[in-house]
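Below: sequence and its predicted model.
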Amino acid sequence: MTVEDFAVYPGWSGVGSQWQSLSSTGYDSESGAVTARCEKGEVADLLIQVTRTTDASAVAESLTVHWKSDRGEGSFEAGLGVYLCSEGDINSDTCPEV
């Protein structure tokens with residue numbers, strides 16, 4: 001599985017899963033960087049666009065986010081569940097019904 005694009009939405013976007021590109025949804029993914037800072041108590045959605053690199057099913061249970069700013073750099077694991085299922089795997093152990 002490959003992350004093709006990302007965008008940050010300040011607040012709760014309510015996007016969920018979509019079967020279209022981020023650019024077609026109107027979210028700004030052109031900058032390739034997060035430029036706004038969240039204040040304490042604020043939230044932001046990290047929207048990601050992923051693709052399978054083969055015809056086989058692809059599953060991701062976490063995403064490693066690497067960051068860099070004028071105050072330092074680091075990384076963190078973001079827990080998530082992404083299932084890109086091939087037609088034969090739907091409702092199998094690999095791709096359970098969601």
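In hand now; what should we look at?

From now on I want contacts and neighbour counts done on CA atoms only, so please keep to that.
Noted.

chain center to stretch 71-86: distance?
The chain centre lies 7 Å from the centre of stretch 71-86; the measure is Cα atoms, centre = their mean, to the nearest Å.

go on, stretch 40-52?
On Cα atoms, centre = their mean, the centre of stretch 40-52 falls 6 Å from that of its chain.

Buried residues in the lowest-mean-pLDDT helix or strand in the chain, which are they?
Every helix and strand of the chain was ranked by mean pLDDT, DSSP states H and E. The lowest is helix 22-25, at a mean of 79. Within helix 22-25, the residues that count as buried by 16 or more other Cα atoms under 10 Å are residue 22.

need the strands for this protein, in chain order.
Along the chain, the segments classed as strands by DSSP state E run 2-10, 44-51, 58-69, 72-84.

quick one: low-confidence ranges for this structure?
For the chain, the stretches flagged by pLDDT under 70 are 13, 28-33, 35-36, 96-98.

let's see 50
For the chain, no stretch has pLDDT under 50.

follow-up on the earlier one: out of the strands of the chain, nearest to residue 21?
Residue 21 lies closest to strand 44-51 among these, at 6.6 Å (Cα to Cα).

what packs against the closest one?
strand 2-10, helix 22-25 (3 or more Cα pairs under 8 Å, 6 or more residues apart in numbering; DSSP states H and E).
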